[in-house]
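Peer 1: pasting the structure only:
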């Protein structure tokens with residue numbers, strides 16, 4: 001490794017095994033950073049890494065397609081006959097549609113406050129009411145279900161603040177929700193909802209970050225839309241398989257293809273959006289840490 005100075009520009013030259021100099025840092029006397037040049041080997045590594053990433057993605061998609069096909073052809077009908085159909089028969093014989101709607105709405109409202117997943121209730125909503133009514137039922141319940149912990153958390157504001165200060169590394173992502181203006185808070189809350197962050201914990205901790213209620217609520221509703229549609233689609237898919245099994249008929253090949261592809265596309269889209277949200281959160285966190293260092 002050698003340092004050369006040419007026309008007032010310092011260059012850090014690194015010699016590698018192929019005897020090709022790699023200029024990795026170039027600075028000017030004023031302290032500015034000039035263009036950094038790399039050898040073609042770095043470009044080749046980047047290209048191969050891109051191919052490897054896309055290869056893994058294609059393999060994942062193919063695996064999900066095969067898994068979905070096996071489920072719809074063999075596993076699904078068995079589960080429908082032994083488990084799902086008896087439950088559906090009990091549900092339709094015991095509860096009317098209005099009563100079932102009240103039960104689903106109440107569970108979506110209460111479960112987040114007591115750290116119980118509300119996804120099964122969303123399945124039942126899709127199974128019983130479809131996309132339109134099911135979505136309205138869930139989104140109204142979610143708006144109340146995430147508001148209760150927010151206001152309950154305000155009663156324990158100082159205790160939650162002490163907990164966040166006790167675990168600064170884990171709390172750094174949560175604190176992004178309370179920074180900036182209303183749009184910044186809305187964006188951070190939306191990304192937190194889409195990312196695989198424990199939403200029940202965030203419900204109670206959000207108020208301690210200083211996030212305002214309106215950005216918190218709107219960001220929550222927007223961020224939970226992918227999860228809600230996946231849950232509703234799952235419920236509709238369960239209903240389709242249950243009806244086919246109950247009537248002792250098999251799904252048509254084209255119907256199986258559309259159902260499997262729709263399920264796979266839904267899951268893959270959710271994964272891609274989740275990865276993007278996680279990446280954006282990391283970038284926001286890095287920017288925030290950089291601003292703290294500059295202060």
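Peer 2: Structure's in. What do you need? Keep in mind the model is a prediction, meaning the values are calculated, not measured. Numbering: from 1, shown residues only.

Peer 1: drop to CA atoms for contacts and neighbour counts, all remaining ones
Peer 2: Noted.

Peer 1: tell me how far residue 200 lies from residue 236.
Peer 2: Separation of residue 200 from residue 236 (C-alpha to C-alpha, to the nearest Å) stands at 26 Å.

Peer 1: okay, these two: which has more neighbours?
Peer 2: Comparing residue 200 with residue 236 by other C-alpha atoms under 10 Å, the one with more neighbours is residue 236, at 21 against 17.

Peer 1: pretty sure that one sits in a strand.
Peer 2: No. Using DSSP: H, G, I helix; E, B strand; the rest coil, the assignment for residue 236 is helix, not a strand.

Peer 1: which one is it nearest to, not counting chain neighbours?
Peer 2: Nearest non-adjacent residue to residue 236, counting by C-alpha to C-alpha, 6 or more residues apart in numbering: residue 127, 4.7 Å away.

Peer 1: so which strand or helix has that neighbour?
Peer 2: Secondary structure from DSSP states H and E places residue 127 in helix 119-145.

Peer 1: so what does that helix touch, helix or strand wise?
Peer 2: For helix 119-145, the packing partners by 3 or more C-alpha pairs under 8 Å, 6 or more residues apart in numbering; DSSP states H and E come out as helix 97-110, helix 213-223, helix 225-246.

Peer 1: rerun at 7 Å
Peer 2: Using 3 or more C-alpha pairs under 7 Å, 6 or more residues apart in numbering; DSSP states H and E as the contact test, the elements touching helix 119-145 are helix 97-110, helix 225-246.

Peer 1: the residue nearest to residue 236 is in contact with residue 241, isn't it?
Peer 2: No. Between residue 127 and residue 241 there is no contact under C-alpha atoms under 7 Å: 10.8 Å.

Peer 1: tell me where this structure has helices.
Peer 2: 40-70, 76-79, 85-94, 97-110, 119-145, 147-155, 157-166, 168-174, 182-194, 199-205, 213-223, 225-246, 253-294 (DSSP state H).

Peer 1: check the ones you listed for me and report the most buried one.
Peer 2: Sort those by mean neighbour count, taking mean count of other C-alpha atoms under 10 Å, and helix 182-194 sits at the top with a mean of 23.

Peer 1: give me the contacts around that one.
Peer 2: 176-179, 199, 211, 215-216, 218-220, 222-224, 274, 277, 281 (C-alpha atoms under 7 Å, 6 or more residues apart in numbering).

Peer 1: hmm, 6 Å instead?
Peer 2: Helix 182-194 is touched from outside by 177, 178, 215, 219, 220, 223, 274, 277, with contacts defined as C-alpha atoms under 6 Å, 6 or more residues apart in numbering.

Peer 1: pull the most distant pair out of those residues.
Peer 2: By the measure C-alpha to C-alpha, 178 and 274 form the most distant pair in those, at 20.9 Å.
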